[in-house]
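Undergrad: below is the structure, and that's it, no one-letter string:
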């Protein structure tokens, strides 16, 4: 116990040192103003509690040779994770200049929250972390994601009492219903009640204890309450890990969890300037400030640092004394060195069946229809079968709705709660994770990927906005991790957005929003990819490509409703490789300069564009129309903006520099302008897309409401190509009339006219 | 009880009729294929349970003259809410053509989920609703929002067991800690366990009942379990409303809640094509399909409809029989006619102090600094004092962090849990709502606004993305509600985004994201407004303007750190009224055509732009520089795109059509291109903004990392204005050197150089 306490004091000392000191790290001389950083940044409040749990978990790891990783929900407590990694030696292994001696300790202190140094939070730069904790709410979902398919792993997850108020965290407790004790690892939630957030008490710290216990039991856990005492923590951990062993071998169905009550800012200043600090919200960030100009505060800081008795903890060279290091586990058992927390070290490529084997046969383009996601589902079925421990499919109760149900021929939905006879495809150990929480799907998948596995998240397009903020955080993690040499690449986070805006006519306006692409496009080009395959074969090829990629966020938008098959598989591969290209069979420019370019991206806009091209071919046969389909949206940008960007010369050849381009886009039209505004022909670009019109209606009425329909595209062409004459003027009027007739038909009959429903290129 | 059952059967009959029938509404003749809609859209599964609770709550309302509104979390059950409104007569009041007779019933059925008709979900079109339930998760937060400051109101909130899995809903249970029994109304949560989602069982329906009870007790409620029985429901409601009375007068601290277990698709087909339907996930949407071509299914549908014995429920003219209507409450006590559910009917303008009285005195522009949000906080303090029952300030534990703490001089944080002596500003009935959940802040505020009150949500800028999806849904609600004549305007939803990207240098990369503006800009121009006031006085004036507005979403981005005061209050008002304008004192074009325009939007970009203008004035005095500041971002669009849009002629006069414009923007730079791509001078526009570079560093280093700093702006000008000669070339080199020196200084000293920290125009 003394060794644990010494380790804890060392970690606390190193934490306070990081927040305050730029010099004199071992206090070999009295503290002076010039030893103090000019800007004091960091979060002390949560730090001693994080250090306390670290210290105690290390004993368990050593005693039981337990594989464990540590997730710090209060990731603001960056000093704790860094201190721990330095004590365990892994910090110096990753960053040799931060050596385990006085010079290294000085650099360790100085770099923290310092320009050119390291962030104030647990971050990708921190060894042993898969979780930043900057935006709160995701620690427990990340922990479960890490535990899936890791049967020997325990994920210790500290949850701050502030974070516990968030929605995603509140939902995450129920993740235990999706865990398989035999196939998966275990999550040990440690709810850290230090009582306060930034400026307020925390809800769970202020409800009666019996209510809190019931809440945790209601979530399906066996709670253990621990006060600020080494003995209590050690005894409880012994009990808890015995219970975990019972859970793992099936003797108990309940996972334990710990409620740890400590003062906020524990061991820090009790009172500053006459106001209580330890145990209050005032300990949240930097309890002592204005130190350079306030000798009293300076003295208090020195007393505080010396209260940890650094002279007992570090030798004259600044190295941790041997007794301290005895409590540290060996090699990869160190939580700061676990390969699970640098998942790329464990990543193995998926065993992928040949996607060409799943191709739809296409003899004539645009003659027959297929449901693209249904075809992809068959491919995914075999991906799952071939990778029974390293691939999971996530979805908020929408896998079948999105028509990926072939996967249930080979696996089930993960479920570790009651199963009734009428249920289908539910089983512990299922590879499909369905819960009505996009937050959980996203959080689980992130945890799963960051620990070295693969997956795909299928979701209704509109509701993927629910995890905008989580996407942002993950993208930022990837952006940073890519720059860190020792962080190995992880599998990409793949989204399949189906049930999209143009086919949510039955659910109506609330289900219609294609704007996730705009959120994605804001992140760094190095990490984001967007694909809009227009048919089944292009979807298969894109899907295969994304599952092989690393360190990206891939967004695939693809419909579940029947769409015309456009490409043979060979053509699909070639088209996807280019990322965009002319559809020669739909074009009438015969390789010459066209009069107009009809561009399109997305399955429904492509269908309408083709139908418009057919109308133009029939009614204005002399007009030279070029049809261009875009699969890889980032090709539209210049190469200076995105690695997939198309050189200007190629872009100009394809789209011309002076002819009208009518671009029919799946999403909000402005995104196309944003991607192309630097192009020479941009002034001639006219984009149609979703303009926030919709309700419960028919598919074609949805297209008409937003002017992306075939008839309106023909009108757009006539309006923009000069000198087309009276035939065109008549055609324009005819198109306008046909639209009105189509609308009237729909309102009378409740469905689209047969010529719309059954249209094909023919 | 018979009357309740009859009412329930009538509502069920009307619900099935809406989903299936286009004709023969009273089954006066045998059902034929031509009576059936061609596309069958709607969600049956949840509907009978919604009708059941409606029917029983009506008895309570009538018996106790209880003001009540009904929130249907499973808003997909649109037929239920519509049936209820029709039976209560309010549907015909709002839509006279849908009369309470056979002809009206035929139209009622036909319009449902039909082109030109009404949506399939509870929607703004539905009388009595403030909650769509399209995107699940927000019912309980909306319910609490409606209950705040409505002491006589009970909000009955049906929560689907699917929805209960979402994060926002899971967090919402704890809203009871923020409710004041005397000042506020009451929420009655009814957790509807019908067991299944789209294709899966629901978690809460499959955990042991004792666990579920503990969970609800742990959330602080007194749970009551009810099976599918009129007697049980009636008895329980009597008990529950007695308990509510005890809560209201302080005899009990616990609110009751109901767990209602019914079969999914209750009273619908038991089995279809040999597969069980009632009580399974197969009842989720349309239990019988392909009816037009399947005589057996047609016969089953007729049997199903006749099982409700319509001949007992409706007279020959199709009117509900008098016995049915006896159960319906009177006038505004009808839940479908409650003014609380059409909040604009109750909306009274805020009593606003004169914002001019809070002005910062500005003798010389840009000479002294003020923290804008701190000044706004004083104004908000007096807004709260003057409107003690109709205004609330929401924030995720950030009100003081965002420096609005003056509000605590007049009020407290709402808190109905334990209070300790060291706590400050916590009290039941406080007007500031702080919980570490952006979802709750947003959901509460939406419920509060939609029931006719006012509010403001202050939030860290980056984390407002957490509620992107909720914003989308609320904006869509407003977009639709604006078109509905009987929906009266409600107060705008006001966001104050502070602790923004340029001043999150201490928290680092995870806290830096200005992309909410891009999400907002995707919604209809009719409902979105974005303001970037650059100083305290412009913020005051914008804040006053937003609090007076209706039916918008107003986004205000304003810093909490000191920024230079630029405008006297009179100037600020004039500047905001124009929305953008020249800063003459910072410009050197003397009213003539400039050589270059330096445009800016946002406080930090404006500061850097002014500093760049000062450098240019000093070093290139002959260069004619015009400085333009933009407050109202939507002014940049043409009037065809946004009501605030500026005519091209004015835009051209301000920005020129041929001179370089260096636009220094607060957010991602592409948004400015998107808003201006139709402008004549767009090709000359060069935008600087946040390009996803950041870490824990100093404020000026953040600016330099993203090239929005003064030195880089000077370099941009020199690169883009032709013919500046060797002086300029030297200056460019000097600027480049100064940047490197600034960076080096920062890395050495840990803070920005004094000339940056202390810079002012003077």
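TA: All right, it came through fine. In this text, all values refer to a predicted model and were calculated from it rather than measured experimentally. Numbers count the residues shown, from 1 in each chain, chains lettered A, B, ... in the order given.
Undergrad: may I have the secondary structure class of the closest residue to residue A:626 other than its chain neighbours?
TA: Computed as Cβ to Cβ, 6 or more residues apart in numbering or on different chains, the closest residue to residue A:626 that is not its neighbour in sequence is residue A:594, at 3.8 Å. No exception for glycine: its C-beta is placed from N, CA and C like everyone else's. Residue A:594 carries the three-state label coil when classified by DSSP: H, G, I helix; E, B strand; the rest coil.
Undergrad: burial of the residue in the stretch 501-650 of chain A positioned nearest to chain B, as a residue count?
TA: The minimum distance from the stretch 501-650 of chain A to chain B, using Cβ to the nearest Cβ, falls at residue A:510 (2.6 Å). Residue A:510 has 26 neighbours, counted by other Cβ atoms under 10 Å in any protein chain shown.
Undergrad: can you count the residues close to the residue nearest to it when sequence neighbours are not counted?
TA: Nearest non-adjacent residue to residue A:510, counting by Cβ to Cβ, 6+ apart: residue B:134, 2.6 Å away. Around residue B:134 there are 26 other residues, counting by other Cβ under 10 Å.
Undergrad: how about the strands in the stretch 151-300 of chain A?
TA: Secondary structure of the stretch 151-300 of chain A (DSSP state E, counting those that start in this stretch): strands at A:153-160, A:186-193, A:221-226, A:255-261, A:271-272, A:275-276.
Undergrad: ok, residues contacting the fourth one?
TA: Judged by Cβ atoms under 8 Å, 6 or more residues apart in numbering or on different chains, the contacts made with strand A:255-261 from elsewhere in the structure are A:49, A:52-53, A:176, A:179, A:186-195, A:205, A:212, A:216, A:220-228, A:233, A:236-237, A:239-240, A:243-244, A:247.
Undergrad: and what of the first one?
TA: The contact list for strand A:153-160 (Cβ under 8 Å, 6+ apart) reads A:46, A:49-50, A:53, A:57, A:66-74, A:136, A:139-140, A:142-144, A:146-147, A:169, A:185-192, A:194, A:202, A:241, A:244, A:335, A:340.
Undergrad: cutoff 6 Å now
TA: Here strand A:153-160 makes contact (Cβ atoms under 6 Å, 6 or more residues apart in numbering or on different chains) with A:53, A:57, A:66-74, A:139-140, A:143, A:146-147, A:185-192.
Undergrad: equivalent analysis for the last one, please.
TA: If you take Cβ under 6 Å, 6+ apart as the criterion, strand A:275-276 is touched by residue B:422.
Undergrad: again, only this time at 7 Å
TA: For strand A:275-276, the external contacting residues (Cβ atoms under 7 Å, 6 or more residues apart in numbering or on different chains) are A:270, A:282, B:422.
Undergrad: low-scoring stretches of the stretch 451-600 of chain A, by residue?
TA: Of all residues in the stretch 451-600 of chain A, none has pLDDT under 70.
Undergrad: show me which residues of it are close to chain B?
TA: Residues of the stretch 451-600 of chain A lying close to chain B by Cβ under 7 Å from any Cβ of the partner chain are A:463, A:465-466, A:468-469, A:472-473, A:476, A:479-480, A:506-511, A:513, A:515, A:518-519, A:522-524.
Undergrad: looking at these, which are in helices?
TA: Per DSSP state H, helices hold the following members of those: A:468-469, A:472-473, A:476, A:479-480, A:518-519.
Undergrad: will you turn the residues you listed into TSV that also has neighbour count?
TA: Output for those, formatted as TSV (neighbours: other Cβ atoms under 10 Å in any protein chain shown):
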residue	neighbour count
A:468	27
A:469	28
A:472	25
A:473	26
A:476	27
A:479	21
A:480	22
A:518	23
A:519	26
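Undergrad: the stretch 501-650 of chain A: strands as residue ranges?
TA: Counting by DSSP E, counting those that start in this stretch, the strands of the stretch 501-650 of chain A are A:528-531, A:553-557, A:563-564, A:580-582, A:596-601, A:625-630.
Undergrad: longest helix in chain A, by number of residues?
TA: Per DSSP H, chain A has its longest helix at helix A:725-749.
Undergrad: contact partners of the helix or strand following it?
TA: Downstream of helix A:725-749, the next assigned helix or strand under DSSP states H and E is helix A:754-757. For helix A:754-757, contacts defined as Cβ under 7 Å, 6+ apart pick out A:700, A:742.
Undergrad: pLDDT (mean, whole number) over helix A:754-757?
TA: Throughout helix A:754-757, pLDDT has a mean value of 95.
Undergrad: rewinding a little: could you export the contacts of strand A:275-276 as JSON lines, including distance to residue B:639, neighbour count and pLDDT?
TA: Rendered in JSON lines, the data for the contacts of strand A:275-276 read as follows (distance: Cβ to Cβ, whole Å; neighbours: other Cβ atoms under 10 Å in any protein chain shown; pLDDT from 0 to 100):
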{"residue": "A:270", "distance to residue B:639": "62", "neighbour count": "16", "pLDDT": "96"}
{"residue": "A:282", "distance to residue B:639": "52", "neighbour count": "23", "pLDDT": "92"}
{"residue": "B:422", "distance to residue B:639": "56", "neighbour count": "15", "pLDDT": "87"}
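Undergrad: let's have those residues in JSON lines, adding distance to residue A:358.
TA: Below are the contacts of strand A:275-276 laid out as JSON lines (distance: Cβ to Cβ, whole Å):
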{"residue": "A:270", "distance to residue A:358": "67"}
{"residue": "A:282", "distance to residue A:358": "61"}
{"residue": "B:422", "distance to residue A:358": "65"}
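Undergrad: ok, so of those, who is nearest residue B:651?
TA: Proximity of the contacts of strand A:275-276 to residue B:651, judged by Cβ to Cβ, is greatest for residue A:282, which lies at 50.5 Å.
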